[in-house]
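K.L.:
Got a predicted model here, sequence first, then my questions.
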Amino acid sequence: MPAAPAPAPEVVHLAHDLRIACMRVSRRVRFEASSNIAPHHFSVLVRLADSPSTVGDLATSERVSAPSMSRTVSALVDRGLVARAGSPDDGRVVQLSLTDEGQATVVSERAKRDAWMSDRLGRLTSRERDVLTRATEILGRVLAE
């Protein structure tokens, strides 16, 4: 089977610039939020805010090993942000969910993280915001592949 052709130079350049911009945005939002929640911990909390899960499912969705996710979950349990409970369907399965404190932390952290970005986006023209809306949709498709 022949190898796939190399991407055009302008595609490689765009990939580089986009990757750097995304890293800078992520880093800046975390800095501006002055959070005491590590990024990987917050990511797990957000997933659990959507619905309860298991260590295995979280590990798969976060693309880390099960032992690594188990350590992350244990740290969140120790902080009182996540609770473990047996599954009503299968006693061997441990379900993870947010505690009330965990839910409050997600709400608070999201608000802090969104505040800085909302301020910056509010300074743009409506046309620039439309471009970013479209870019966000495209990035969502790229990441889903």
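P.N.:
The structure has been received and is ready for your questions. Numbers count the residues shown, from 1 in each chain.

K.L.:
Model confidence for the residue nearest to the spatial centre of the chain, exactly?
P.N.:
Central residue of the chain (Cα atoms, centre = their mean): S43, 4.4 Å from the mean position. Here the pLDDT value assigned to S43 is 93.

K.L.:
Buried residues of stretch 49-61, list them for me.
P.N.:
Neighbour-count burial for stretch 49-61 flags 53-55, 57-59 (criterion: 16 or more other Cβ atoms under 10 Å). C-beta coordinates here come from the backbone N, C-alpha and C atoms, glycine included.

K.L.:
re earlier: wouldn't the residue nearest to the centre of the chain be in contact with E62 here?
P.N.:
Yes - counting by Cβ atoms under 8 Å, S43 touches E62, with 6.3 Å between them.

K.L.:
Tell me the secondary structure of S74, please.
P.N.:
helix (DSSP: H, G, I helix; E, B strand; the rest coil).

K.L.:
ok, it - how many residues close by?
P.N.:
Other residues lying near S74 total 13 when counted by other Cβ atoms under 10 Å.

K.L.:
With E109 instead?
P.N.:
Count around E109 with other Cβ under 10 Å applied: 19.

K.L.:
Likewise for V64?
P.N.:
V64 has 17 nearby residues by other Cβ under 10 Å.

K.L.:
Which residues outside stretch 63-79 are in contact with it?
P.N.:
40-41, 44-45, 55-56, 58-59, 62, 82-84, 96, 102 (Cβ atoms under 8 Å, 6 or more residues apart in numbering).

K.L.:
Restricted to strands, list the residues you listed.
P.N.:
If you go by DSSP state E, those have 82-84, 96 in strands.
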